[in-house]
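Colleague: got a predicted structure plus its sequence, pasted below:
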Amino acid sequence: MSFDIREFAKLPRSQENFTALRRNGKIYVDKTAMIYDLAFTEDKYFISRPRRFGKTLLISTLESLFRYGLRDFKGLAIEKLWHDHT
């Protein structure tokens, strides 16, 4: 199995904006099913993670979902779960 070094260009480096990451074809690990669960829980969450662990990306993902609906979520798990809650 060979690997093309140019594929590394798809790895996001310090990309914290969900919409830009998706539109630029960067690699995105789909955790949107968990985001769906988070959006519909009655519990409160305090999100505390070390630096560079994706807190800003999570907030940007939530912003895109609630502001634009499924526009940027084609092919992701939440596309099948979300029913226009914007």
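Modeller: Yes, it's here. Numbers count the residues shown, from 1 in each chain.

Colleague: what's next to the lengthiest helix in the chain, contact-wise?
Modeller: As assigned by DSSP state H, the longest helix anywhere in the chain is helix 55-68. Applying CB atoms under 8 Å, 6 or more residues apart in numbering, the contact partners of helix 55-68 are 15-19, 21, 32, 35, 39, 47, 49, 71-73, 78, 82, 85-86. For the C-beta atoms, the positions are set from N, CA and C on the backbone; glycine is no exception.

Colleague: from the residues you listed, list the buried ones, please.
Modeller: Buried by 16 or more other CB atoms under 10 Å: 15, 17-18, 21, 32, 35, 72-73, 78, 82, out of the contacts of helix 55-68.

Colleague: among these, which ones are in helices?
Modeller: Those of the buried ones among the contacts of helix 55-68 lying in helices (DSSP H): 18, 21, 32, 35, 78.

Colleague: same list (the residues you listed) but as JSON lines, adding distance to Ser64.
Modeller: Listed next are these as JSON lines, based on distance: CB to CB, whole Å:
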{"residue": "Phe18", "distance to Ser64": "5"}
{"residue": "Leu21", "distance to Ser64": "10"}
{"residue": "Thr32", "distance to Ser64": "11"}
{"residue": "Ile35", "distance to Ser64": "10"}
{"residue": "Ile78", "distance to Ser64": "11"}
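
Colleague: centre-most residue in the protein?
Modeller: Among the residues of the chain, the one closest to the centroid is Thr61, at 4.8 Å (CA atoms, centre = their mean).

Colleague: any idea how far Gly75 is from Phe40?
Modeller: From Gly75 across to Phe40, the span is 21 Å (CB to CB, to the nearest Å).

Colleague: and the contacts of the helix or strand bottoming out on mean pLDDT in the chain?
Modeller: Ranked by mean pLDDT, DSSP states H and E, the weakest helix or strand in the chain is helix 18-23, scoring a mean of 90. Applying CB under 8 Å, 6+ apart, the contact partners of helix 18-23 are 12, 15, 28, 57, 60-61, 63-64, 68, 72-73.
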